[in-house]
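>>> Have a look at this fold, sequence not included:
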């Protein structure tokens, strides 16, 4: 399957209305199938809405939830990425994205990085995932799933690509902010995201698929602008801001091979070097070995000495 | 840093108003967000109608235009609430907005309520009277919201919210506020973009609580200057010494810093004494609207 039709479901989920959102997902899956889509991508927490706070526990689903199985059952001959609040057997709540295809749940990614700063308060309500892993898919290439903030950490796209992902899928509920006239699109958030995604596509020589929601939760308006970016970093499609819609984009998977042959960045990555240096940095930060950048005389694990060096004190007397 | 120091204010829209460079926004994006926000708030609450207190000033005129765009003018009730000393120009300007939008309107003279309360209280200060008028307007707006079956839309801007130039439970009272994150200079930019009558954009802003009152004479500042200072102080997190090095007068920096700090209480929900296991706003945290909460879902 060299040519792939991707459908971006840029929807406005209704906050807390799980059944209504499930019905909307089923409708759009059918619509995407009619449009000949191979992969349908829904946004972060598309099944529940984003600003849930204490509602999170009330809309959570386990991976064996019959409602999730029923949704997966509608994916015969189709792949889809859906996102919801997942409750583990030990009752932790995660923001999860699942790859469902051919009637079953195939892979689940739990959001690893939970922003808890500025307008975000995710760590208060959710547990962070501990696994970053690419997944095989019926599309014939590995998929790497990430949720919103996961893409604001360099390691995520790199790990996914090293693990065999050729398509990186980021599902988001990104609130639009930093309204300005000084950048190309009038919205600081959109400019930042676009910069990151083009860089990731090029650096990992992977296809990047970004599905961001629209609509309003409380004070926050989500800006949409879902995109598909070629492995060269060139945007193939950009959905409009703030408009709800199902957008289809055709991509040529052979472009990934061409880019990786021409620009063998992934071949030249040095994960063992990174692992070695990271092990050193971790040991230094934990105070287990001498910190190469710490001030002279600082205690293990600290980078500032308690008192100024002795000779300076002597000269001031 | 050099770029920030250059003459930062330009005349916008053919000299209609001053617009500091750093406060210029993409009005198409802002309009899209705000109109979607108004629709979203009403939908979540299960309402189709809205109302607002229309003073004849630029803030409520802008909100009227944006709300009419969001829900249609026939679903917006403009309530005009003059006091006997209110400027006749204000009333005319409010009526011009109603005429431009074609929305229903209602005139309620608040003089009898205000004068009835203050009868014999000749020592009441202008501030007391002004606050009382603002709260009477709030009471009339909320009473009308029942008969009209709509939510009260707020009209306070970011500048007045930050410096505390509002009456608690008065003009600040609302179900939601579409322009509370826009500085006055940005309100002007938006007003010009959506077609608010030029006369309203051009006139000196006033709370109109007593004849001849204007915001800028009362506060001894100009809005473009104040907006720029607040932007660097609040949005860009600059410390007082950094603000001075950006070219702001030290005395103004200090005065505005105190006004912002002193108005913190006006921007927050009153604290509840924590006693039980789950307390509203502390560890009982829900979206304002959720399944089961809408009037009609």
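Ah, there it is. Since this is a predicted model, take the numbers as computed values, not measurements. Residues are numbered from 1 along each chain as shown, chains lettered A, B, ... in the order given.

>>> buried sites along the one helix or strand residue B:147 maps to?
Per DSSP states H and E, residue B:147 falls inside helix B:126-148. Buried positions in helix B:126-148, judged by neighbour count with 16 or more other CB atoms under 10 Å in any protein chain shown: B:129-138, B:140-141, B:144-145, B:148. The way it works is simple: take the backbone N, C-alpha and C, and place the C-beta from them, glycine included.

>>> So which residues on chain A come close to chain B?
A:15-17, A:51-55, A:176, A:179-182, A:185-187, A:215-219, A:221, A:241-242 (CB under 8 Å from any CB of the partner chain).

>>> Pass me the low-pLDDT residue ranges in the stretch 51-200 of chain A, would you?
A:181-184 (pLDDT under 70).

>>> Run through the helices of it in chain order.
Assigned by DSSP state H, counting those that start in this stretch, the helices in the stretch 51-200 of chain A fall at A:56-59, A:66-72, A:122-125, A:155-162, A:188-204.

>>> Measure how the helix or strand that comes right after the last one sits relative to helix A:188-204, angle-wise.
Spelled out, that is helix A:188-204. Of the helices and strands lying after helix A:188-204 in sequence (DSSP H and E), the nearest is strand A:207-212. Relative orientation of strand A:207-212 versus helix A:188-204 (axes from the mean of the first three to the mean of the last three CA atoms, to 10 degrees): 160 degrees.

>>> Would you mind pulling up the elements that strand A:207-212 packs against?
Under the contact criterion of 3 or more CB pairs under 8 Å, 6 or more residues apart in numbering or on different chains; DSSP states H and E, strand A:207-212 touches strand A:3-10, strand A:39-41, strand A:165-172, helix A:188-204, strand A:227-229.

>>> What ranges does the chain have for its strands?
If you meant another chain, say so; for now it's chain A. A:3-10, A:39-41, A:79-87, A:93-101, A:104-110, A:142-147, A:165-172, A:207-212, A:214-217, A:220-223, A:227-229, A:235-238, A:245-252 (DSSP state E).

>>> should've been chain B
Under DSSP E, chain B gives strands at B:9-12, B:17-20, B:49-53, B:76-80, B:105-107, B:150-152.

>>> between these, which one is nearest to chain A?
Closest to chain A of those, according to CB to the nearest CB: strand B:17-20, at 9.8 Å.

>>> Need the contact partners of stretch B:203-215.
Here stretch B:203-215 makes contact (CB atoms under 8 Å, 6 or more residues apart in numbering or on different chains) with B:55-58, B:85-87, B:89-90, B:93, B:126, B:129-130, B:133-134, B:160, B:165, B:184, B:216, B:223.

>>> Return the most buried member of the helices of the stretch 51-200 of chain A.
helix A:155-162 (a mean of 21; mean count of other CB atoms under 10 Å in any protein chain shown).

>>> can you state the direction angle for that helix and strand A:104-110?
Going by the same axes, to 10 degrees, helix A:155-162 makes 140 degrees with strand A:104-110.

>>> hang on, the earlier thing: closest to residue A:150 among the buried residues of helix B:126-148?
residue B:145 (43.3 Å; CB to CB).

>>> Enumerate every residue touching residue B:174.
Residue B:174 neighbours (CB under 8 Å, 6+ apart): B:152-156.
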